[in-house]
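*Asks:* Show me how the following folds:
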Amino acid sequence: MSSVLTFLHSFKDITFILGEFIGVLGVGIGLGVFTTIKRKNISLRWNSKKELKKQQSHSAIHETITELRVLVRSSRVVVFQYHNGGKFADGSSIQRFSITHESCSSGSPSMMIESQDSLLTRYMELVGLLEKQPNKIIRVSSLPECALRLSFDINNVVYFSVSPLKCRNMITPMGFVCCHWCNLVDLDDLLKEDISEDGISEVIEGNAKIINNHLNHNAN
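*Replies:* Take a look at the predicted model:
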């Protein structure tokens, strides 16, 4: 009889210990699940804020390029950004650029689809213009026969301007803003209103800086 009582007491103790262990385990699992959910909620909120910030920046850039297009009466204003398009056999980066934002006047076709992943080395004239003639109005016919001129001719661009965009250190190239004039009448009318080409260049430069700030803000 005593052995039976001893066994029952031992079983009761084991059951109690197991109960405590399961309880602790349950609390641990519960806390773990709660912590995971909390972290996910924080992560989702953070990602949501980040996405909202990006959307606001993209909207602000589109508003700025549209305003620029109207102010200088261009047919199209586009923002190109540089990116890595893979690697050559020697391991060096293949530099490319693509349109990320575009504003077109009525009747001016979009270049968004055709101007993706363009190889930078095919447009070295563009690199030179960004360094030597930023924000200036340039006649397409003044360019030598090259891929850049061909691209403008295909899209009926008669005059254009290019404005460099820099990363936050203001040294590393990030891309450029390009204004296209396909209708000479609009540009001629603007010049007839006693607005000089230098004045137009100042407007382009000022808006390019605003776009640059939005892009750098978006990169944070």
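
*Asks:* Next one: Asp194 from Ile200, what distance?
*Replies:* Distance, Asp194 to Ile200, by C-beta to C-beta, to the nearest Å: 12 Å. In short, each C-beta sits where N, CA and C put it, glycine included.

*Asks:* out of the two, which sits in the more crowded spot?
*Replies:* For the pair Asp194 and Ile200, the greater number of neighbours falls to Ile200 (22 against 7), based on other C-beta atoms under 10 Å.

*Asks:* what about the helices in the chain?
*Replies:* 2-72, 124-132, 147-154, 184-192, 197-218 (DSSP state H).

*Asks:* between the shortest one and helix 124-132, how many degrees?
*Replies:* Pointing back at helix 147-154 there. 100 degrees (axes from the mean of the first three to the mean of the last three C-alpha atoms, to 10 degrees).

*Asks:* any idea of the pLDDT on Ile171?
*Replies:* With respect to pLDDT, Ile171 scores 91.

*Asks:* Give me the number of neighbouring residues for it.
*Replies:* 7.

*Asks:* just Lys132 next, same as before
*Replies:* If you count neighbours by other C-beta under 10 Å, Lys132 ends up with 8.

*Asks:* With Leu191 instead?
*Replies:* If you count neighbours by other C-beta under 10 Å, Leu191 ends up with 15.

*Asks:* Appreciated, that's everything.
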